[in-house]
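# what follows is a predicted structure for the sequence shown.
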Amino acid sequence: MMHLAAAGYEFDVATLSGNMAKLELWAFPPSDPAVKAAYEEFLPKLDQPLRLADVLENNLGPDSPYAAVFIPGGHAATIAIPQSAEVGAVLNWALENDRFIITLCHGPAALLAAGDDAGQNPLAGYEVCVFPDSLDQGANLDIGYLPGPMAWLVAEELHERGLVVINQQMTGQVHQDRHLLTGDSPLASNALGRLSVDVLREAFDG
């Protein structure tokens, strides 16, 4: 978000409920003045986000000013979002209107929402980076970061729906496949931000 804002892009923040966005503040670098300033800038929209259904009704269409959909990571992205009809509709809008989808870590779980009633996903065949299942089955349990086994695994489910997961490790890898930009973990945040700026600038600024 910092890279895109510095490049002149503005953000609308939306949640399924319209309730405030929740951040994992344990991961927040409080001594970084640039991050702190960005947080304070975005805080009003995080505190009072739009409701995603309202964005669908009022803000999306072929002439929408939105350049991209950004879905952040965190394990919360695996809860309700992959089953959300609204998230699916937003992703389908992006695909149908040549907009970009940007996501990292566990955020690619949201890509499952683009599937139709028959289980077909328009992103089948796309290559993605995602947080490795091996860590959610191993280290994240061993250190107590997860309180117990996950009900399902993101990379495994993406593979089942026809997407191609290209990473096995968490190295900060990023990847572009057509209008989909992904990163494997928080380690990829900086590189994904830079890639997003370059890609959007080339697409929209000529």
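Happy to help now that I have it.

# so how far is residue 85 from residue 110?
12 Å (CB to CB, to the nearest Å). Glycine gets a C-beta too; all of them are placed from N, C-alpha and C.

# compare the two and say which is more crowded by neighbours.
Per other CB atoms under 10 Å, whichever of residue 110 and residue 85 has more neighbours is residue 110, with 24 against 11.

# got a list of what that one touches?
Contact analysis of residue 110 by CB atoms under 8 Å, 6 or more residues apart in numbering lists 71, 77, 81-82, 84, 87, 91, 103.

# with residue 106 instead?
By CB under 8 Å, 6+ apart, the neighbours of residue 106 are 73-78, 130-131, 154.

# out of those, which are inside strands?
Judged by DSSP state E, strands contain none of the contacts of residue 106.

# which of those count as buried?
73-75, 77-78, 130-131, 154 (16 or more other CB atoms under 10 Å).

# helix, strand or coil: sort out residue 43 for me.
helix (DSSP: H, G, I helix; E, B strand; the rest coil).

# okay, now it: neighbour count?
13.

# also residue 51?
Residues near residue 51, counting by other CB under 10 Å, number 15.

# any idea what it is bridged to?
residue 15 (DSSP bridges).

# greatest separation within the contacts of residue 110: which pair is it?
Largest separation among those by CB to CB: 84 and 103, giving 14.2 Å.

# which of these two has more neighbours?
residue 103 (25 against 17).

# once you drop chain neighbours, what's closest to the more buried one?
Residue nearest to residue 103 in three dimensions, not counting chain neighbours: residue 71, with 4.1 Å by CB to CB, 6 or more residues apart in numbering.

# what's the answer for residue 105, then?
Among residues not flanking residue 105 along the chain, residue 73 sits closest, at 2.6 Å (CB to CB, 6+ apart).

# would you mind writing the CA trace of stretch 45-65 as CSV?
Below are the C-alpha coordinates for stretch 45-65, written out as CSV (Å, rounded to 0.1, in the frame of the first residue of the first chain):
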residue,chain,number,x,y,z
LYS,A,45,-10.4,4.1,6.1
LEU,A,46,-9.4,1.1,8.2
ASP,A,47,-11.6,2.3,11.0
GLN,A,48,-14.6,3.0,8.8
PRO,A,49,-14.4,0.9,5.7
LEU,A,50,-16.9,0.5,3.0
ARG,A,51,-19.2,-2.6,2.9
LEU,A,52,-18.1,-4.7,0.0
ALA,A,53,-21.7,-5.3,-1.3
ASP,A,54,-22.1,-1.5,-1.5
VAL,A,55,-18.9,-1.2,-3.6
LEU,A,56,-20.2,-3.8,-5.9
GLU,A,57,-23.5,-2.0,-6.3
ASN,A,58,-22.2,1.5,-6.6
ASN,A,59,-18.6,1.6,-7.7
LEU,A,60,-17.9,-1.2,-10.1
GLY,A,61,-18.4,-1.4,-13.9
PRO,A,62,-16.4,-1.0,-17.1
ASP,A,63,-15.8,2.7,-16.4
SER,A,64,-14.8,2.2,-12.7
PRO,A,65,-11.8,4.3,-11.6
